[in-house]
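Q: Build me a model:
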Amino acid sequence: MGCSTACSTALRQELRLSNFKLDHPEPTLFLGSEWQGEPFEGVKLWYVVYRWAWAVYHFSWWVVNVVSEGGIQAPIQRKAYHFIYLTNWAYFSIMIMNMVHACIISVSWLRYRRAANLPKRTTLSLKVLWALQNIVFLPALLITAAYWTVIYDPANPVTALNAEVHIINSVYVIIDLWVVASPLRILHFYIPLCFLFVYLVFTLVYWAAGGTTPEGETAIYSIVDWDNLTVTLPFVFCSAALSPLMQVLWPGREVQGQGCVQGSGKMCVCVCVATVCVLQGESFTLFLFRLLTLQVFLILTLCSHTHMILQLMTDVYLTLRDYGVPNRIYRKIRMFKTE
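A: Now for the predicted structure:
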């Protein structure tokens, strides 16, 4: 009963509205490993080496990925297609996150070698790092799952580069989740969701402007085909639903810290949720309903800045209208309806 009470208390604290923000009472968690032990005694040199090893590794593969686009001798116009794929967006994010993380840890190692000098608040650089971690972790696993279940053609051989951006990316995420001490908030689901939303908007604008793949196809991916909304819309809705659910399924340091698990290992938040729901006679569906209610609250909060948002949307619309994008989208929708 003590475990269920601890988990229930931890989850209630985790779902507080203040956790939408990128603030944490223990900023030192971003500067060390889960395996350093407590109390935190400063940034370790081995962790600095660990972070730079991943940074150099991913930067090297990112360069190889860009250079290999269309072949080494391909013109710059052909290599520009590199930036239309979600896989490359996600891998670029991994590379940037690792470079930022390595720089922050290096500076922190020089500045916070002694425990007395550790930061007392979440600085801007740590907030940026936290946001980047949320952007990287979820899309990497979604891309791996979507690629090997829907997009991959068995007739094509699996190259080292293909394996790197569609397999090793997720392997890295899983390893890093078990090494870093950075906390993961359930209510930060909106961060990876915004990343995926920006990409979907990009694909819509790219399609409406007449953009194609190097092979001349209008659909960048078979599951993101704006000429076939019966395929695209379910993918969009699934991505929107998976974002908060995957945040629930992530290993949760916050819940562990409340005494649900002994030792330094991380645990799955979803197990705690299911346990609490069963012991308290509450359905898991009700918990998800509460989580969705919090999403609605976030939307209402954004609506409090309606004037600023409407002005921004108006400016974006006028810019797109100058290029004829809305008319092209309208014609495509009419054609889809008539079919």
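Q: least trustworthy helix or strand in the protein by mean pLDDT?
A: Counting by mean pLDDT, DSSP states H and E, the chain has its least confident helix or strand at helix 269-279, which shows a mean of 42.
Q: Count the residues that sit near Thr203.
A: 20 (other Cβ atoms under 10 Å). Just so you know, the C-beta spots here come from the backbone N, C-alpha and C atoms, and that holds for glycine as well.
Q: State the phi and psi torsions of it.
A: phi -60, psi -40 (degrees, to the nearest 10).
Q: Tell me who's in contact with the closest residue to it other than its chain neighbours.
A: Computed as Cβ to Cβ, 6 or more residues apart in numbering, the closest residue to Thr203 that is not its neighbour in sequence is Val224, at 5.3 Å. By Cβ atoms under 8 Å, 6 or more residues apart in numbering, Val224 lies in contact with Leu86, Leu200, Thr203, Thr232, Phe235.
Q: any weak-confidence spans in the stretch 201-339 of the chain?
A: 243-339 (pLDDT under 70).
Q: Against Gly71, how distant is the closest residue to Ser106 other than its chain neighbours?
A: In this structure, Ser106 finds its nearest non-sequential neighbour in Val48, 5.7 Å apart by Cβ to Cβ, 6+ apart. Distance, Val48 to Gly71, using Cβ to Cβ, to the nearest Å: 37 Å.
Q: These two: which is more packed in?
A: It is Val48, of Val48 and Gly71, that has more neighbours when counted by other Cβ under 10 Å, with 17 against 10.
Q: doesn't Val107 make contact with that one?
A: No - with contact defined as Cβ atoms under 8 Å, Val48 does not count as touching Val107 (9.9 Å).
Q: model confidence over stretch 15-25, on average?
A: Stretch 15-25 comes out with an average pLDDT of 82.
Q: next one: stretch 63-72
A: Here the average pLDDT along stretch 63-72 is 89.
Q: who's in contact with that stretch?
A: With contact meaning Cβ under 8 Å, 6+ apart, stretch 63-72 is reached by Arg78, Lys79, Tyr81, His82, Asn88, Tyr91, Leu161, Glu164, Val165, Pro214.
Q: For the residues you listed, which entry has the maximal number of neighbours?
A: Tyr91 (25 neighbours).
Q: Now do the contacts for the spatially closest residue to it that is not a sequence neighbour.
A: Distances taken as Cβ to Cβ, 6+ apart place Val165 nearest to Tyr91, at 5.1 Å, with adjacent residues excluded. Counting by Cβ under 8 Å, 6+ apart, Val165 touches Trp61, Asn65, Thr87, Asn88, Tyr91.
Q: which residues touch the helix or strand where Ala146 lies?
A: Using DSSP states H and E, Ala146 maps to helix 124-146. Here helix 124-146 makes contact (Cβ under 8 Å, 6+ apart) with 22-24, 27, 30, 86-87, 89-90, 93-94, 96-97, 100-101, 104, 119, 122, 166-167, 169-170, 172-173, 177, 180, 182, 184, 188, 191-192, 195-196, 223, 239, 242-243, 246-247, 250.
Q: Let me see the ranges of the helices in the stretch 101-250 of the chain.
A: In the stretch 101-250 of the chain, the helices defined using DSSP state H, counting those that start in this stretch lie at 124-146, 160-163, 169-179, 190-208, 229-249.
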